[in-house]
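Student: sequence unknown, structure follows:
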């Protein structure tokens, strides 16, 4: 079968590889219809993730079909099922968790082997685009639930700043809009992505380099980038008693103002992935149109995958999400 294989830093190639096979009886072979390029895939592409050892098929955001034709969304996280976190239902925090596109071959291929318990049925009325966005939308939903629990007042009343206009930031703005939040500001340095956010009517986008957000003005700051610069921006922008939600993982080089977080009693929350319930709820929201028409998604054949990664890495891509189609 054809697969997009990560060969080392900044190197991907379309290769013929052996067909996906079940390693255990519980595995099912899924024909991949569409798979999204995630920011963590880009991180690995640059050689910054030692957990992803080349040669490796990346990709973990996907929708596909079983041999009987049923469409399924793939949950790429594979927990141990035995630890305390698994017993609590927080399988995404399992210390022994493994992942497709990391320890196992991923979804940038014509087919992939997936444990049957990691498959979620797709409603008939859901498009492939909606289904393929389930994983990133579930990340956002999980993070917003954490934020809502920490806020002193209902989230619909929160003055909100989203940092980053990629898929996570845009989906956060779309969810917040659907939940009744008004006047959402979105900081994004890329002009193309600001235009996409504006067309999606998700938020009021602005360039923070020329118009920095006002200090201490936002009850909720959602950092979808996670860099030194954005953490510094978030630390300054969050209001006293507010919430700073950190979901981006661009770097780990500082930027938090710990003194201000303490003196202003700011809740600083980290958010990682999702539960199965988050995945199901996100798929329902996407399928039902709660998050809009999703016209901002770019679809390309798998054969254009290496070029798509290079475009995203250079910052030339205006689309917040690129889906690769293995059978196009």
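Tutor: Received, thanks. It should be emphasised that the depicted structure is a prediction, and the values quoted were computed from it without experimental measurement.

Student: got the domain boundaries for the chain?
Tutor: Taking automatic domain parsing as the reference, the chain has its domains at 2-133+294-325, 136-270.

Student: looking at the ones you listed, which is closest to residue 276?
Tutor: Nearest of the domains of the chain to residue 276, taken as C-beta to C-beta: domain 2-133+294-325 at 6.4 Å. For every residue, glycine as well, the C-beta is placed using N, CA and C.

Student: distance between the ends of the closest one?
Tutor: Distance across domain 2-133+294-325, first residue to last, is 11 Å (C-alpha to C-alpha, to the nearest Å).

Student: please apply the same query to stretch 120-132.
Tutor: The separation between the terminal residues of stretch 120-132, taken as C-alpha to C-alpha, is 12 Å.

Student: and for stretch 118-134?
Tutor: Where stretch 118-134 starts and where it finishes are 13 Å apart, if you go by C-alpha to C-alpha.

Student: list the buried residues of it.
Tutor: Buried residues in stretch 118-134, defined by neighbour count with 16 or more other C-beta atoms under 10 Å: 118-120, 122, 126-134.

Student: what does stretch 46-63 give?
Tutor: 49, 52, 56-63.

Student: now the farthest one out in this structure, which residue is it?
Tutor: Among the residues of the chain, the one whose C-alpha is farthest from the average of all C-alpha positions is residue 263, by C-alpha atoms, centre = their mean at 31.8 Å.

Student: can you tell which of the domains of the chain is closest to residue 277?
Tutor: Each of those was scored for nearness to residue 277 using C-beta to C-beta, and the closest is domain 2-133+294-325 (7.9 Å).

Student: where along the stretch 201-328 of the chain do the strands fall?
Tutor: Using DSSP state E, counting those that start in this stretch, the strands of the stretch 201-328 of the chain run over residues 204-206, 218-223, 238-246, 267-270, 297-301, 321-325.

Student: direction included, what does the fourth one pair against?
Tutor: What it means is strand 267-270. strand 238-246 (parallel) (DSSP bridges).

Student: many thanks, we can stop here.
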